[in-house]
Each structure stands twice: as C-alpha cells, then as structure tokens.
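Asker: Could you look at this predicted model? Sequence included:
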Amino acid sequence: MRNTTWIRLFHYEFWPFWVFYLPAYFYYFYLALKSRTWFVAHPKEKK
C-alpha cells in the first residue's frame, strides 16, 4: 500500500462520519428495545 492509504486508515480525521455514529445507533436501539418505545420526547404519563 502507498503511504497515503496508511494515513487515511489510521488517522480518524479521514474516516466517514457514520463510523463514529454507528455504536451510538446500536446503543439507541438497545435502549429503545429495553424501554419498549421508539420515542424519546414524551414518556407515558399516569393519571
């Protein structure tokens, strides 16, 4: 491989944004399944 390929591989400045957000998406879906709701803004209110 050439030198520029190694630089892009090991320096996170050149990585696409979804690489950083992918673990956050998995964590969000885990919490959504755990709480059994897909919405964050309005929790259930008991009267």
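Answerer: Yes, it's here. Residues are numbered from 1 along each chain as shown.
Asker: Pop out the phi and psi values for residue 11.
Answerer: Main-chain torsions, residue 11, degrees, to the nearest 10: phi -110, psi 120.
Asker: Now do it: how many residues are near it, please.
Answerer: 9 (other Cβ atoms under 10 Å). (C-beta placed from N, C-alpha, C; glycine too.)
Asker: now for the least confident helix or strand in the chain by mean pLDDT, which elements pack on it?
Answerer: Lowest on mean pLDDT, DSSP states H and E among the helices and strands of the chain sits helix 3-10, with a mean of 80. Packing contacts for helix 3-10, counted by 3 or more Cβ pairs under 8 Å, 6 or more residues apart in numbering; DSSP states H and E, involve no helix or strand.
Asker: where exactly do the helices run in the protein?
Answerer: 3-10, 17-35 (DSSP state H).
Asker: Pipe those helices into JSON lines and attach mean neighbour count per row.
Answerer: Listed next are those as JSON lines, based on neighbours: other Cβ atoms under 10 Å:
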{"stretch": "helix 3-10", "mean neighbour count": "10"}
{"stretch": "helix 17-35", "mean neighbour count": "10"}
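Asker: where among the ones you listed is the average confidence lowest?
Answerer: Per-stretch mean pLDDT for the helices of the chain is lowest at helix 3-10 (a mean of 80).
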